[in-house]
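>>> next comes the sequence, and after it the predicted model I'd like to discuss.
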Amino acid sequence: MNFRLVPIDKPHNTDADPSLMGDSVAHWDGNTLVVDVTNFDDLQWLGSSGWFHTAGMHVIERLTRDGDILTYQVTVEDSVLAEPWVRTRKLKVSTDPANALAEEGPCLEKDASHLVNFDHD
């Protein structure tokens, strides 16, 4: 499972190496959380159809909740695209505690018995 930590009201980390998930920062625009993502590497494909992109790709995600509907909009800008690629998805949010996602437990070292030492360099 992939996840990101997205700082709110902080600048992009200009010292970070380019990466698969890029560098994400967010801010509130009214009741919409806007996530700005830059600093991608160009080693993977975009989407399940395998579209390539450059390291200059810029992604803007907008998440807005209205009652029990969460609207997610993503805009991808890149020099290899003729125009920004925009997709919107609406999700129904359940407030029933029985539908809550369980938090995963901590990462456990399961290979310790096979290791000569714990150096992972």
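Looks like it came in fine. Numbering: from 1, shown residues only.
>>> show me what contacts residue 28?
By CB atoms under 8 Å, 6 or more residues apart in numbering, the residues touching residue 28 are 8, 34. Placement of C-beta: from N, CA and C, glycine included.
>>> who does it bridge with?
Counting by DSSP bridges, residue 28 is bridged to residue 33.
>>> quick one: low-confidence residue ranges for this structure.
In the predicted model, the chain carries pLDDT under 70 at residues 1-2, 106-109, 111-112, 114-121.
>>> show me where it has strands.
23-29, 32-38, 58-66, 69-77, 85-92 (DSSP state E).
>>> take those strands and write them to TSV, including distance to residue 3.
Formatted as TSV, those follow (distance: least, CB to CB, whole Å):
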stretch	distance to residue 3
strand 23-29	11
strand 32-38	13
strand 58-66	14
strand 69-77	15
strand 85-92	17
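>>> for residue 46, which of those is the nearest?
strand 69-77 (6.8 Å; CB to CB).
>>> now do the buried residues in that closest one.
Buried residues in strand 69-77, defined by neighbour count with 16 or more other CB atoms under 10 Å: 73, 74, 76.
>>> mind giving me a markdown table with the residues you listed and columns for distance to residue 15?
A markdown table is the format used below for those (distance: CB to CB, whole Å):
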| residue | distance to residue 15 |
| --- | --- |
| 73 | 30 |
| 74 | 26 |
| 76 | 24 |
